[in-house]
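Student: Return atomic coordinates for the entry below.
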Amino acid sequence: MIKVIFLFLGLIFSAQSFSLTPYKGSYDLYAETVMGNLKVGTAILNLEVNNNQFEFTTDAKTESLWKALYDYSRTEKSIGNEIDGQVINTYFSVIEKIKDEVKKNYEITIETDKNYAVTSNGEEFKIKPGVLVDSLSVYLALSNDMINKPDQLEFTYQIVDESGVKYLIFKVDGDENILINQSEVETMRVICDELKLTLNLSTKDNFQPIRIHKINGKTAFTMVLIGFEI
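Tutor: Numbers count the residues shown, from 1 in each chain. Okay, here's the model as predicted:
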């Protein structure tokens, strides 16, 4: 169960603003089980910026209480540039471990101007002209589009990972006020049906993700922001 929890971590993060302001966010992860809604892990995401180049990383792991049953960690890195208001990705990597055994370890080099992406195992994927992002930087693109196209209710992106290039559609589902850290936050709810994913993005903080809810099989998981540093 814990492994399934972390497989979606790469698809739940957004930048604080499209001006690519460096920041660091901390999240708690909860799972709805027969024993109740349990905290099972944590995640840190960090955005570093140098001029127009960004490096966006995540570091997720189970807590010590769960490690006796399942010791799991996953780190991801996305590198690219913001050019003329658009995210241009150049690199993406994933390392996934169970205890000390590496289960996933791959890199993807993206050549947008040549319409292809190449994995570290030599596979090459053709891409169509337009926005191509990875499973982290897609939310940089989503944040930008929601800021600059406030009347648009649906956004589609080409997303590359080790299995190839696919299209994902994100639909704006309306306003929702939610309680986070004993404070009410105004959010915009966004849904990706294919991923069974619902995002609550802060309308006052350039669509920073406040809460993420995902269903994997029969189990629902919720990621909640607990700390934020600029």
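Student: Just the buried positions in the longest helix along the chain, please.
Tutor: The longest helix of the chain (DSSP state H) is helix 138-148. By neighbour count on 16 or more other Cβ atoms under 10 Å, the buried set for helix 138-148 is 138-146. C-beta: built from backbone N, CA, C; applies to glycine.
Student: ok, residues contacting the lengthiest strand in the chain?
Tutor: In the chain, taking DSSP state E as the definition, the longest strand is strand 164-180. With contact meaning Cβ atoms under 8 Å, 6 or more residues apart in numbering, strand 164-180 is reached by 117, 125-127, 132, 138, 142, 146, 152-159, 184-195, 198, 200, 203, 210-211, 224-225.
Student: Mind checking which of the residues you listed land in helices?
Tutor: Short answer: the contacts of strand 164-180 in helices (DSSP H) are 138, 142, 146.
Student: Find the nearest non-adjacent residue to the last one, please.
Tutor: What it means is M146. F207 (5.1 Å; Cβ to Cβ, 6 or more residues apart in numbering).
Student: did I read that right, the one you found in a strand?
Tutor: No. Read with DSSP: H, G, I helix; E, B strand; the rest coil, F207 is coil and lies in no strand.
Student: Once you drop chain neighbours, what's closest to E154?
Tutor: K171 (5.2 Å).
Student: Around that neighbour, count how many other residues there are.
Tutor: Look at K171: counted by other Cβ atoms under 10 Å, it has 13 neighbours.
Student: per-residue confidence at it?
Tutor: Looking at K171, its pLDDT is 97.
Student: do you know how far it is from Q158?
Tutor: Distance of K171 to Q158, computed by Cβ to Cβ, to the nearest Å: 17 Å.
Student: Just to check, V138 is in contact with F155?
Tutor: No. V138 is beyond contact range of F155, at 9.4 Å (criterion: Cβ atoms under 8 Å).
Student: sorry, back to before: beta partners for the residue nearest to E154?
Tutor: Counting by DSSP bridges, K171 is bridged to E154, I191.
Student: Could you do K166 as well?
Tutor: Bridge pairing for K166 (DSSP bridges) gives the partners I159.
Student: repeat for E107
Tutor: Here E107 sits in beta bridges with S93, going by DSSP bridges.
Student: Compute the inter-axis angle for the longest helix of the chain and strand 164-180.
Tutor: With axes from the mean of the first three to the mean of the last three Cα atoms, to 10 degrees applied, the angle from helix 138-148 to strand 164-180 works out at 60 degrees.
Student: ok, of the contacts of strand 164-180, which come out buried?
Tutor: Neighbour counting with 16+ other Cβ under 10 Å marks 117, 125, 127, 132, 138, 142, 146, 155, 157-159, 185, 187-192, 195, 198, 200, 203, 210-211, 224-225 as buried within those.
Student: could you list every residue that touches D28?
Tutor: 39, 41-42, 223-224, 226.
Student: run the last query once more with 6 Å
Tutor: Neighbouring residues of D28 by Cβ atoms under 6 Å, 6 or more residues apart in numbering: 39, 224, 226.
Student: Dump those residues into TSV; add distance to Y27 and pLDDT as well.
Tutor: Shown next, in TSV, are the contacts of D28 (distance: Cβ to Cβ, whole Å; pLDDT from 0 to 100):
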residue	distance to Y27	pLDDT
K39	11	87
V224	6	90
I226	6	88
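Student: Those into CSV, with extra columns for distance to G217?
Tutor: Output for the contacts of D28, formatted as CSV (distance: Cβ to Cβ, whole Å):
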residue, distance to G217
K39, 20
V224, 21
I226, 26
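Student: returning to that earlier point: which pLDDT value goes with the residue nearest to M146?
Tutor: 84.
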